[in-house]
Each structure stands twice: as C-alpha cells, then as structure tokens.
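Trainee: quick one: sequence plus predicted model below, questions after.
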Amino acid sequence: MTALKKKSETCEEQLRRMCKDIAKDISEPPSKQASPEVYMEDVYDIEWITHKDHSYKAARLLVAGGGPNIWVNLLTNTVDGYWWGDHCKHDFIDNLGLDDYLAEMHASSK
C-alpha cells in the first residue's frame with residue numbers, strides 16, 4: 001500500500017487562505033466575547049486615513065508582516081494580502097465593530 005502524498009500549498013494558495021480566514025473572523029466572529037479591543041492586541045500597525053481636516057475616515061490594520069503582508073482595510077472592507085508578486089483581496093463585513101472602535105480611538109488621540 002502506498003501512502004498518498006499531500007500536495008503542499010503554494011505561497012499564493014497560503015496567502016489566499018490566510019486572507020480568507022482573517023476576513024471570516026471579522027465577518028463571523030468566533031465567539032460572542034470577540035471584541036475590537038481583543039482583535040487590536042495582535043495588530044502590528046495602524047495606518048490612519050483621514051479627511052482634509054484630519055478627522056477620521058478609515059484605517060488600515062497591518063495584521064501580518066515579514067512573510068506575507070496582510071492589511072485589514074476598513075475603507076474598502078477588504079483584507080488585502082501581498083507576498084512577493086502575489087496579491088489577493090477578500091471582502092468582509094465588519095461585525096466586530098472595528099471601524100467604530102478606531103473612529104473613537106482616533107478622536108480620543110487629538
């Protein structure tokens with residue numbers, strides 16, 4: 001009996017899977033205790049997107065870096081992944097309340 005070899009994921013497939021999983025966790029939080037505060041603990045960086053008067057418009061959250069770079073973009077409600085020449089994008093619904101949380105965070109930092 002020969003063992004079947006499992007085909008390993010390519011970098012592009014891994015990037016797509018990671019982006020899809022992140023989008024799902026935001027759209028369908030894994031538990032009722034899920035909150036933007038807990039989600040933000042694993043965010044590496046915040047890129048603020050503001051209006052001309054510097055009021056909050058949206059933000060991009062760097063949630064993975066170094067290998068693939070993955071951003072949660074609250075302006076477009078997409079998870080954008082980049083790895084070498086590969087790029088992918090997955091839509092999400094902000095059921096965690098990240099945008100509201102970040103709007104409050106930005107307002108309180110003034």
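Mentor: Arrived safely.

Trainee: buried residues in the longest helix anywhere in the chain, which are they?
Mentor: If you go by DSSP state H, the chain has its longest helix at helix 11-27. The neighbour-count check on helix 11-27 (16 or more other C-beta atoms under 10 Å) flags Q14, L15, R16, M18, C19, I22, A23, D25, I26, S27 as buried. No exception for glycine: its C-beta is placed from N, CA and C like everyone else's.

Trainee: equivalent analysis for stretch 47-58, please.
Mentor: Y56, A58.

Trainee: ditto for stretch 26-44
Mentor: Across stretch 26-44, burial judged by 16+ other C-beta under 10 Å covers I26, S27, P29, A34, P36, Y39, M40.

Trainee: let me have the residues you listed in CSV, extended by pLDDT.
Mentor: Output for the buried residues of stretch 26-44, formatted as CSV (pLDDT from 0 to 100):
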residue, pLDDT
I26, 96
S27, 96
P29, 92
A34, 85
P36, 95
Y39, 94
M40, 95
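
Trainee: how far off centre is the longest helix of the chain?
Mentor: Offset of helix 11-27 from its chain centre (C-alpha atoms, centre = their mean, to the nearest Å): 9 Å.

Trainee: same thing with stretch 60-68?
Mentor: 8 Å.

Trainee: right, I'll call it a day here.
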